[in-house]
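Q: here is my input, please return the structure:
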Amino acid sequence: MTTSGADQVTHTARAHSFNAVAAQYADHRPTYPPALFETIEHLTGRPLAGSRVADVGAGTGLATARLLERAARVVAVEPGEDMAAEFRRRIPGTPVVRGDGNALPLAAGSADLITYAQSWHWTDPARSVPEAIRVLRPGGSLALWWNTSALDVPWIAEASARAGEHFGRDFSRGKDELDASVADPSGRLGLRRHLVRWSRRIPVDAHLANIGSHSLFLVQDPGRTAAFLAAERRHVLEVFPDGIVEETYDVVLLLASVPQAA
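A: Numbers count the residues shown, from 1 in each chain. Here you go, the predicted model:
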């Protein structure tokens, strides 16, 4: 992964921006549906119950909480101090260690499953791929996933277009870019792609707080963000006049398993 100096500064700033809004992130970011974890169990052929799972880039614990509900034995890895503190506040008793996917602070062969919820794109695959292979036991699996907006839903496509205009980006291509060849250019993992659709209904204020917790907003001028969110409120209330927004997501799941030892 080659980036210019300016791009690297922006990437680093965005990666660390979540620490300032850890509580907002935890309160308003979407969680993950049961069907996602059922899909992982089906494709890996192993129940999460009792599995040793490393949840990397765990943030405030949105994915960790769902894994624990399925009786997985989870250790979380999180680079951000404030995010890790929020994790400990919300999920006391679950171990969380400071570190990232480029240099996992975990022993070789110690995990049955490594998960990256919304976080693999902050790693350098040239480093994170061999690290995942090192930490997984033979026969273990790596699961990377992202909640992505369902752009075939008209109001969501319109909202995405407004955000794209605001940032000068084409967000309609985002889901296509979450591909095995991008996540692992080396092809060593043999990642396979799956989609899981789900939705949630939340108040408009929570919907806007979710939008505002994304890194692109966090690193721009607060006044510009506030103006965008105020305009977005008006647009969304035209679609949902009762103030309850139905957000629809496609979870993009990339999954691979390490071969069993001969």
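Q: is Val251 in contact with Tyr32, as I believe?
A: Yes: using CB atoms under 8 Å, Val251 is in contact with Tyr32, at 6.5 Å. All C-beta atoms are positioned from the backbone trio N, CA, C, and that covers glycine.
Q: can you work out which residues contact both of the two?
A: Trp145, Asn147 (CB atoms under 8 Å, 6 or more residues apart in numbering).
Q: neighbours of Ala196, how many?
A: For the record, residue 196 is Val, not Ala. By other CB atoms under 10 Å, 20 other residues sit near Val196.
Q: now it: which helix or strand?
A: For Val196, the element it lies in under DSSP states H and E is strand 192-203.
Q: who are the packing partners of that strand?
A: On a contact count with 3 or more CB pairs under 8 Å, 6 or more residues apart in numbering; DSSP states H and E, strand 192-203 meets helix 34-44, strand 244-257.
Q: residues contacting it, please?
A: By CB under 8 Å, 6+ apart, the residues outside strand 192-203 that reach it are 28, 30, 33, 35-36, 39, 43, 150, 178-180, 210, 243-256.
Q: list the buried ones in it?
A: Buried residues in strand 192-203, counted by 16 or more other CB atoms under 10 Å: His194, Val196, Trp198, Ile202.
Q: what two of those residues are the furthest from one another?
A: For the buried residues of strand 192-203, the maximum inter-member distance is 25.3 Å, found between His194 and Ile202 (CB to CB).
Q: so what are the sheet partners of the strand holding Val196 and their directions?
A: Paired neighbours of strand 192-203 in the sheet (DSSP bridges): strand 244-257 (antiparallel).
Q: so the partner strand versus helix 34-44, what angle?
A: Relative orientation of strand 244-257 versus helix 34-44 (axes from the mean of the first three to the mean of the last three CA atoms, to 10 degrees): 10 degrees.
Q: chain center to strand 244-257: distance?
A: Centre-to-centre, strand 244-257 and its host chain are 10 Å apart (CA atoms, centre = their mean, to the nearest Å).
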